[in-house]
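Student: take this sequence and fold it.
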Amino acid sequence: MNLLFTLLVALSVLVAAYTGSPAHPGVVQGAEVTVQLDVASLVKEGSAARVEAGGVEYPGTVLAITPPAVPGGPPRARLQTAAPVGDVDVRFDAEHRMKLVSDAGLEQAKKAVELAIGLVGAMTLFLGLMKVVEAAGGLDLIARTLRPLLVFLFPDVPAGHPAMGAMVMNLSANMLGLGNAATPFGIKAMQELDTLNRDKGTATNAMVLFLALNTSGVTILPTGVMAVRAALGSKNPASILPTTILASFAGMIVAILVGKGLARFWSGGETEPCAREPVAAREFFPLAVFVAMIAALCTWVSLDDRATFFILPGLIAGMVTFGVVKRVKVYETLVEGAREGFASATRIIPYVVAILVAVGMFRASGAMEVVVGALAVPAGWVAIPPEVLPLAFLRPMSGTGAFALFSEMTRTFGPDSYLGNLVGTMQGSTETTFYVLAVYFGSVGVNRFRHAVPVGVLSDVAGFLASVMAVRFLIGGP
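Tutor: Numbers count the residues shown, from 1 in each chain. Prediction:
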C-alpha cells in the first residue's frame, strides 16, 4: 500500500506539471474570442486566460460565461484579448492541472472524513445487531451451516470461532448488494481474525483470503446497478443478473486459487494452531438449504422489482427477532455492540483519507487518462472495448467515483446497449479493492499486506474479462 500511495501521488504531480492547462480552440473576432469549455469546467467570470496566436501569448480575461445550449451540454466563455484576429488556443489558469490536483487533494480529504463519519451510523447499528446475533448463538449457527465450505477455505480458523460467523455475514451482505451492512461485518471479521494472529501488523493467510473474497465474492443482487438502469429507462434492469453472477464467480475462483497459491511464497502471518475434525456427509444438507434459499431470493427479485426494498429491513428485523426468540436482552446488547462500532469507525478515518486523497489527485491530474490510453491497445487484444477502460481502472480504487462514472456511461451508451450492459456487469461484479484493503487492514493496524494486493488485482482483472465474455455470450454483443 505504501508503494501504491507513493506511486499515485508522484504520478499525479508529474503529469500535472507536464500537462499544465488544456488548450481550447477559438477564433478571435475584434477584441474578443469565444471558446467552448468542458462540462465541469471551473472557469468563472473574471478568470485569467492566456491566448496563444502564432507562437505568442497574449493575456485575456473572461467577460462572461454563456449557459449551455442544451441541458447537460458544455458552456461557452467570452474573453477580452489583444490577440490578432484568427485561430487561437486559449488556456485558463483556473484549469491548470496542478491547481486541480491541489484542490482535489483537499476536497477528497474533506470527503473522506465525511464518508468515515457517515459510516459511524451504519457501523454502530449493524455491529450492535451483530452483538445481538452473537449473544443469541447465531454466528455459531451460521458457521455450522457453512462449515463444509469454511473448513476448505479457512483451515487456520477454528470452526466455532466468532470470525467465521462475521465473515459469513459480510460475504452474504455483499452477495445481496447491501454495501452499508457489509462494511461493519467485514471490520468485525477482521478484528476477530486478528485475535488469532501471532505476528501482529502482518496479514495472515485467512485475512488475505477473506479480503479477496470480500472484493471478488459472488454478487447475486447488484441492487444499486439495477436501480440506475431502471431510472435510465432500461426495458429489463435485471438482465445483468446472470452476467454479474457469472463474472463475480470467475473473480472469486481466481481469488481463491491465487490466494492459496501465493500464500506459500510469502513469509509471516503466523496464526495460532487449531485442530480440525473431518466434515461428515450430513453437514452438507444445511449448506444445500442455504444455497436453495439464496436461489429462491434471486428468483423473487428477478420477478418483482420491488423485492429489493424488503432485503435490508428484513435483515434488521430478522436479527432482532432472532435475539428475542433466544431471550437475549436486545436493547442492552445492541448498545454494547454499538460502542464497538463507533470506536471502529473513528479508527479508520486516517486510512480512508490517505487512499481517497491519492485517488482524487490521480484523477484530477489527468494521469488516469494517460494510463487508460496506454492500455487501450492491449485491452483490444482481449476484446475489452476502450470506452469502458476508465471504469475498469477506477473501480478498484474509488467506489463513489466508479459509481458516478458507471451512471454517466450508462446514460451515454444506453442501459440496454452492449456497452451499457457491460459497464453494469463490471460495476456489479467487482469491488473497491484498494479502499477495502486500506479500511479493513487499517481497522486492526496491519501494515504488511503480504500477497493481498496481487490477489485482489488479479481477481479484479478476472472479473473484468469475465464480464466481457458473459455479456457477449449471454446478452449479445460484438
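
Student: and stretch 251-260, which residues are buried?
Tutor: 251-252, 254-256, 258-260 (16 or more other Cβ atoms under 10 Å). C-beta coordinates here come from the backbone N, C-alpha and C atoms, glycine included.

Student: mean confidence (pLDDT) on that stretch, please.
Tutor: For stretch 251-260, mean pLDDT is 88.

Student: from the buried residues of stretch 251-260, which is closest to Tyr58?
Tutor: Gly251 (53.9 Å; Cβ to Cβ).

Student: wait, what's in contact with the closest one?
Tutor: Applying Cβ atoms under 8 Å, 6 or more residues apart in numbering to Gly251 gives the contacts 216, 429-430, 459-460, 462-463, 466.

Student: what residues of the helix or strand hosting Leu106 count as buried?
Tutor: For Leu106, the host element (DSSP states H and E) is helix 97-135. Judged by neighbour count (16+ other Cβ under 10 Å), helix 97-135 contains these buried residues: 97-101, 104-105, 108-109, 111-112, 115-116, 119-120, 122-135.

Student: now swap in stretch 350-358 and tell me
Tutor: So for stretch 350-358, counting by 16+ other Cβ under 10 Å, buried means 351-358.

Student: export these to a markdown table and tack on pLDDT?
Tutor: Output for the buried residues of stretch 350-358, formatted as a markdown table (pLDDT from 0 to 100):
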| residue | pLDDT |
| --- | --- |
| Tyr351 | 74 |
| Val352 | 74 |
| Val353 | 81 |
| Ala354 | 80 |
| Ile355 | 77 |
| Leu356 | 78 |
| Val357 | 84 |
| Ala358 | 83 |
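
Student: neighbours around Asp156, how many?
Tutor: Look at Asp156: counted by other Cβ atoms under 10 Å, it has 21 neighbours.

Student: secondary structure class for it?
Tutor: Here Asp156 is recorded as coil under DSSP: H, G, I helix; E, B strand; the rest coil.

Student: near the nearest residue to it once chain neighbours are set aside, how many other residues are there?
Tutor: Leaving aside its sequence neighbours, Asp156 sits nearest to Thr271 (Cβ to Cβ, 6 or more residues apart in numbering; 4.6 Å). By other Cβ under 10 Å, 19 other residues sit near Thr271.

Student: who's Thr271 bridged to?
Tutor: Beta bridges link Thr271 to Asn197 when assigned by DSSP bridges.

Student: and it, how far from Tyr18?
Tutor: 47 Å (Cβ to Cβ, to the nearest Å).

Student: cool, Leu405 as well?
Tutor: 24 Å.

Student: and these two? Which one has more around it.
Tutor: Neighbours were counted for Leu405 and for Tyr18 using other Cβ under 10 Å; Leu405 has more, 20 against 12.

Student: and the more buried one, which of the three is it?
Tutor: Applying three-state DSSP: Leu405 is helix.

Student: so what's it closest to, chain neighbours aside?
Tutor: Leaving out its chain neighbours, the residue that sits closest to Leu405 by Cβ to Cβ, 6+ apart is Leu391, at 5.4 Å.

Student: same for the helix or strand containing the one you found, what does it pack against?
Tutor: Assigned by DSSP H and E, Leu391 belongs to helix 389-394. Here helix 389-394 touches helix 367-381, helix 399-413, helix 418-429, going by 3 or more Cβ pairs under 8 Å, 6 or more residues apart in numbering; DSSP states H and E.
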